[in-house]
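**Student:** this one's sequence-less:
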């Protein structure tokens, strides 16, 4: 075994570790992007296109990962509505369910 073969193995392990870390960061960034897209789809679906009035009449109360997509909890105030909705976004599908706004949101958030 030559003196350089130990360095080469160490260098390969370091490269493999860096590649693994980069892939892990890319997966986290992709997840955050997917969550942002799901929130955008949910807001457009129940509050209309982006506008100043939508920003003041619709509030995202929380998001959570569910099987195959995201569940976005949205509070609507006039003129968009006057209720709380759970919007599940999976791929291109959107499922909207009214939620009792007198109960606390999942995860202990109001």
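**Tutor:** Sure thing, it's come through. Everything numeric here is computed off the predicted structure, so don't read it as measured data.

**Student:** where does the chain have its least confident helix or strand?
**Tutor:** Least confident helix or strand of the chain, by mean pLDDT, DSSP states H and E, is helix 3-47 with a mean of 59.

**Student:** and the very next helix or strand once past that helix, what does it pack onto?
**Tutor:** Sequence order places helix 52-57 as the next helix or strand after helix 3-47, per DSSP states H and E. Helix 52-57 sits against helix 3-47, with contacts defined as 3 or more CB pairs under 8 Å, 6 or more residues apart in numbering; DSSP states H and E. (Each C-beta comes from the backbone N, C-alpha and C, glycine too.)

**Student:** Who are the contact partners of residue 34?
**Tutor:** Applying CB atoms under 8 Å, 6 or more residues apart in numbering, we find residue 34 in contact with residue 70.

**Student:** all numbers from here: first residue = 553
**Tutor:** Okay, residue one is now 553; in that scheme the one you just asked about reads as residue 586.

**Student:** Can you name every helix or strand that the helix or strand encompassing residue 637 contacts?
**Tutor:** Using DSSP H and E, residue 637 sits within strand 635-642. Judged by 3+ CB pairs under 8 Å, 6+ apart, the packing partners of strand 635-642 are helix 555-599, strand 610-618, strand 621-628, strand 645-651.

**Student:** Noted, bye for now.
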